[in-house]
Every structure is written in C-alpha cells, then in structure tokens.
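K.L.:
Sequence first, predicted coordinates after that:
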Amino acid sequence: MVSEAHFERTIRSAVEFSGVGLHSGAPVSMRLVPAPAGSGIVFRRIDLDNFEIPATGRNVAKVSYATSLMRGSVLISTTEHLLSALIGTGIDNVIVEINNLEVPILDGSALPYVRAFESIGVKQQRRKREYMRILKEVEVRDGGKFIGVYPGRGYQIDYTIEFPAPIGHERFTGDLATGDYEKLIAPARTFGFKEDEAMLRDMGLIRGVSNESAIILTRKGVENGPLRFRDEFVRHKVLDLIGDLALAGRRIEGHVVAERAGHAMHTALVQRLLSDRSAWEFAHGYDEVPVPQRTSAVLHPATA
C-alpha cells in the first residue's frame, strides 16, 4: 500500500504575493495557481504573453548570487526560496504567474510561502509521486568547495559553511523526510556583509535589499538582529540547497553532503545527475518510511 505522503499534491486555491526583487529592486506581483498532476512547477511570465519556463535543470541560467531560469531569451531570477518552500512542504504541481523577471524576496526566507500554503491548504492528487532514488555517488569539487549526493534513505542533508567573522564555521545535519522543514529550515533568511554592499550594487545586484529582507552583517556582528536561530546562516544555505536541487525535477531520495558550496555548485550537481542516468532511478516512494530522527545542528563559537 502506498502512503498518502507518496501521492502528488498541489495547492487548493490560488494565492498571491507581491514585493520587490532582491537584485533587480523591481516591483513584482506573483500568483500561484493549482496545476494538474504530472505538470511540475512552471513559471509563467504574464507580462510576456504567458511565456512558460518549467523549473527544470535544462532551463538553469548562469548562477552566482541567485538561481535563475532562462528559456529562449526570457528570464526568471531568484527562484530558490519559492522552490525550496514547494519541495519542503511537499507540493509537486503549481503554476507561478509572475509579471516581472525576479521572484519577490519577501522577508528573505521561505516562511511567508509556507504560511500561505498552510492558509489555503494543499490537495492530494491521484498520481503517485516519483522520487529520484540515488544509486551511486555523484560529486562536484572546486578547490576547497564540495558537494556530493549518495544512496541513502529519506532526504538527508549535511551542510558545512565557512565565512568570515561573525559567522565562522557552522554545520547543519537533518532529514527532510521527517517533516520538520517549516520549523527548522523555512524561517532562515538570506544574509550579506555590509562591506560588500557597494561592490554588489556596482555589479547591478542587491538593489532591492532592506533590513526587512536580509540579515545584514558587519565584522562586529548582526546589524539588524535578532537572529531566528543561532546558526541561521547555515540553515539558509540548506534552504537554498533544497530549492536548487528541486531543479532535478523530482524530490531526491538520498544523502547530500555540501561543504562551502553555493548556488553554482548546487546546480552543477543537478546537471551532473541529469547527465548520468545510471546514477539514479525513479521510485514511487521510499523503500521504507524513515524513522523520525532528531535533526541536529553543530554550532561553533564563532556565531554571535
């Protein structure tokens, strides 16, 4: 018997969001509407004759400070927080109607999406959910940076970061299959260093940032605290990872390990997975429902 958790889901009704893009600073309105089983997550640029861009690895554009999708010459930028919220809450099929090139940053986390999904509810569909079950290791390395995925039960993540003070070294381990995404991952906000602001703005980035949409850091500490978690920085990297790996087109069954990675390495892993068909198989649910494990965070004293 297949558990109800292993059937695809969509949202029960439409829900709207509005704000500004983190990097473009442009005002944007976005409406999520239910989608049929098997359709996946599709962005629809309603300002460009309803041009559609499926959220899949083949449409990944160049990534650095955010994950963008492009089909033809049409762009959707900063998709990771929304995709993370959808995967984290088990929503498989949705159409994202958007009237500009960048998803709104909102409060810099996935929590506004999760709360909205709770308010409207989700609907189970008749189609069984397909998981990407990892069969062998797939790794990406870049100097001291690393990300890999390995066979394993559930959707385990082990992420380590290393940043200048006041962040330092942080590590977070957990299993998305335990259902703790809303509590442990969704509230974690994006962050940046005050000293990098001028450089990033000169690059055409972070034009929409504010104290309400990101954690602002100086060498002395957090400028606009308090933090939601003592290790909020690594938890946000886990949030980003879940959103970026959504571009594999299926929720992963396996164990992901990342060290000092970021959007570019996350999406490089997706590309490598999709190019090696022997590394995974489709599965209609985990071999066994994993026993809930206590999600742990390893925190080092460098964090304020």
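P.N.:
That came in fine, so what should we check first?
K.L.:
which SSE is the nearest residue to Ala268 once chain neighbours are set aside in?
P.N.:
Nearest residue to Ala268, sequence neighbours excluded (C-beta to C-beta, 6 or more residues apart in numbering): Val140, at 4.8 Å. Where C-beta positions appear, they are placed from N, C-alpha and C, glycine not excepted. Here Val140 sits within strand 138-142, counting by DSSP states H and E.
K.L.:
tell me the mean pLDDT for whichever strand or helix holds Glu182?
P.N.:
Element membership for Glu182, per DSSP H and E: helix 181-184. Mean pLDDT, helix 181-184: 97.
K.L.:
and what of stretch 263-279?
P.N.:
Per-residue scores along stretch 263-279 average to 96.
K.L.:
who's in contact with that stretch?
P.N.:
57-58, 60, 63-67, 80, 132, 134-136, 138, 140, 142, 145-149, 240-241, 244-245, 247-249, 258, 280 (C-beta atoms under 8 Å, 6 or more residues apart in numbering).
K.L.:
which among those residues end up buried?
P.N.:
Among those, the ones that count as buried by 16 or more other C-beta atoms under 10 Å are 57, 60, 63, 65-67, 80, 132, 134, 138, 140, 146-149, 240-241, 244-245, 247-249, 258, 280.
K.L.:
before we move on, back to that, buried residues in the helix holding Glu182, which are they?
P.N.:
Quick answer for helix 181-184 (16+ other C-beta under 10 Å): Tyr181, Glu182, Leu184.
K.L.:
List just the nearest of the residues you listed to Gly221.
P.N.:
Checking the buried residues of helix 181-184 against Gly221 with C-beta to C-beta, the nearest one is Leu184 at 23.3 Å.
K.L.:
surely that closest one meets Gly174?
P.N.:
Yes. If you go by C-beta atoms under 8 Å, Leu184 and Gly174 touch, sitting 6.4 Å apart.
K.L.:
The closest residue to Gly204 other than its chain neighbours: which element?
P.N.:
Spatial nearest neighbour of Gly204, excluding adjacent residues (C-beta to C-beta, 6+ apart): His23 at 7.3 Å. Assignment of secondary structure by DSSP H and E places His23 within no helix or strand.
K.L.:
Does His23 touch Met203 like I think?
P.N.:
No. With contact defined as C-beta under 8 Å, His23 does not count as touching Met203 (9.1 Å).
K.L.:
all helices in the stretch 151-300 of the chain, in order from the N-terminus.
P.N.:
181-184, 197-202, 232-245, 263-275 (DSSP state H, counting those that start in this stretch).
K.L.:
Which of those sits closest to Glu223?
P.N.:
helix 197-202 (11.0 Å).
K.L.:
Pick out whichever of His23 and Met203 has more residues nearby.
P.N.:
His23 (23 against 12; other C-beta atoms under 10 Å).
K.L.:
Report the contact partners of that one.
P.N.:
Neighbours of His23 in contact, by C-beta under 8 Å, 6+ apart: Tyr65, Ala66, Ser77, Thr78, Glu102, Gly204, Leu205, Ile206, Arg207, Gly208.
K.L.:
cutoff 7 Å now
P.N.:
Tyr65, Ala66, Ser77, Thr78, Glu102, Leu205, Ile206, Arg207, Gly208 (C-beta atoms under 7 Å, 6 or more residues apart in numbering).
K.L.:
what's the distance between the residue nearest to Gly204 and Phe229?
P.N.:
25 Å (C-beta to C-beta, to the nearest Å).
K.L.:
And Phe7, by the same measure?
P.N.:
For Phe7 relative to Phe229 (C-beta to C-beta), the value is 32 Å.
K.L.:
for Phe282, same thing?
P.N.:
From Phe282 to Phe229 the distance is 35 Å (C-beta to C-beta).
K.L.:
Count residues in the vicinity of Pro54, would you?
P.N.:
Neighbours of Pro54 using other C-beta under 10 Å come to 16.
K.L.:
Point to the residue nearest the middle of the chain.
P.N.:
For the chain, the residue nearest the mean C-alpha position is Gly243 (1.9 Å; C-alpha atoms, centre = their mean).
K.L.:
which ones are touching that one?
P.N.:
Counting by C-beta under 7 Å, 6+ apart, Gly243 has contacts Thr67, Thr79, Glu80, His81, Leu83, Ser84, Ile87.
K.L.:
Identify the spatial nearest neighbour of Tyr113, chain neighbours not counted.
P.N.:
Nearest to Tyr113 is Ala85, by C-beta to C-beta, 6+ apart, at 3.6 Å.
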